[in-house]
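J.: okay, here's the prediction I keep looking at, along with the sequence it came from:
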Amino acid sequence: MTTGWNPRDHIPAEVQKLLSEPQPNYVLAFLHIVEQLKLQKRTGWVDHDIIPCESIADHMYRMGVTAMLIKDPKVDVKRCVRIALVHDIAESLVGDITPFDPVTKEEKHQRELDTITYLCDEIIKPYNEAAADEILQDWLAYENIGSLEARYVKDIDKFEMLVQCFEYEKRHGGKKDLIQFYSAVSSIKTDEVKSWTNDLMDRRTKFFQTL
Ligand SMILES: Nc1nc2c(ncn2[C@H]2C[C@H](O)[C@@H](COP(=O)(O)O)O2)c(=O)[nH]1
Ligand SMILES: [Mn+2]
């Protein structure tokens, strides 16, 4: 556990009530927790006054469909889609912490690890033990970049954010200063996602030349 932070203290009241029933409906409890990903806006955009902006779920959804496009024959695309769809699931209780928030990487990791462990062991496992194990493995693979699939999903996490960033820049006529986000370009390692990113950056350059 972290410095007193406990996932159980961040469970919505409705879910706590559901879990206190004699025969809890764990499927519903899990889905109500996942709703938090649909409700929470991505902090990075909120901090830059992007209104309206995407939710955490929006981001993960588009990452999932982006992963379906991977051409690299060495990659298990279906595994990438799974990893994309679970990689930020702990943010349902932890929240969406940016690199600029006053939370250390270690504290963020520990809160998210405690949360995914809680969700898998105490919410998913009572209904489907195999699903709980697989979701935990998918999340750990992403966190530890434990496979080529996880490496691709890490890249797609950054690429999807950059696509969204450029979409917001265009939607706001280039008047929002979102340059900070583009430091993520250097984090992208796979050749395929690098090629997507290079084209995006070329289009961004041309867009700002037209202003
Ligand atoms: N203000 C900034 N926020 C950033 C930057 N890079 C990422 N972010 C935000 C985006 C999300 O809200 C959050 C974490 O995203 P994950 O998908 O990694 O959970 O951090 C940035 O350069 N500036
Ligand atoms: Mn993410």
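T.: Thanks, I have the structure now. On a predicted model such as this, the values are computed, not experimentally measured, just so you know. Ligands and ions are numbered 1, 2, ... in the order given.

J.: going by C-alpha atoms from here, please, whenever you check contacts or count neighbours.
T.: Fine.

J.: residues in contact with the most centrally placed residue in the chain?
T.: Closest residue to the average C-alpha location of the chain: residue 88 at 3.4 Å, with CA atoms, centre = their mean. Applying CA atoms under 8 Å, 6 or more residues apart in numbering to residue 88 gives the contacts 56, 60.

J.: repeat for the one 3 residues further on
T.: Contacts were defined as CA under 8 Å, 6+ apart; by that measure residue 91 touches 37, 112.

J.: is any part of stretch 44-59 close to ligand 1?
T.: Yes - part of stretch 44-59 sits near ligand 1 under the criterion CA under 6 Å from any ligand atom, namely residue 44.

J.: can I get that stretch as PDB, trimmed to CA atoms?
T.: Listed next in PDB are the C-alpha coordinates belonging to stretch 44-59 (Å, rounded to 0.1, in the frame of the first residue of the first chain):
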ATOM      1  CA  GLY A  44      -3.900  17.200 -19.400                       C
ATOM      2  CA  TRP A  45      -6.600  18.900 -21.600                       C
ATOM      3  CA  VAL A  46      -8.600  20.200 -18.600                       C
ATOM      4  CA  ASP A  47      -5.300  21.900 -17.400                       C
ATOM      5  CA  HIS A  48      -5.100  23.600 -20.800                       C
ATOM      6  CA  ASP A  49      -8.700  24.800 -20.800                       C
ATOM      7  CA  ILE A  50      -9.700  22.500 -23.700                       C
ATOM      8  CA  ILE A  51     -13.600  22.600 -23.400                       C
ATOM      9  CA  PRO A  52     -15.100  20.200 -24.200                       C
ATOM     10  CA  CYS A  53     -12.500  17.500 -24.000                       C
ATOM     11  CA  GLU A  54     -12.200  13.700 -24.200                       C
ATOM     12  CA  SER A  55     -12.600  11.300 -21.200                       C
ATOM     13  CA  ILE A  56     -10.200   8.600 -20.100                       C
ATOM     14  CA  ALA A  57     -12.500   6.000 -21.800                       C
ATOM     15  CA  ASP A  58     -12.500   8.000 -25.100                       C
ATOM     16  CA  HIS A  59      -8.700   7.800 -25.100                       C
END
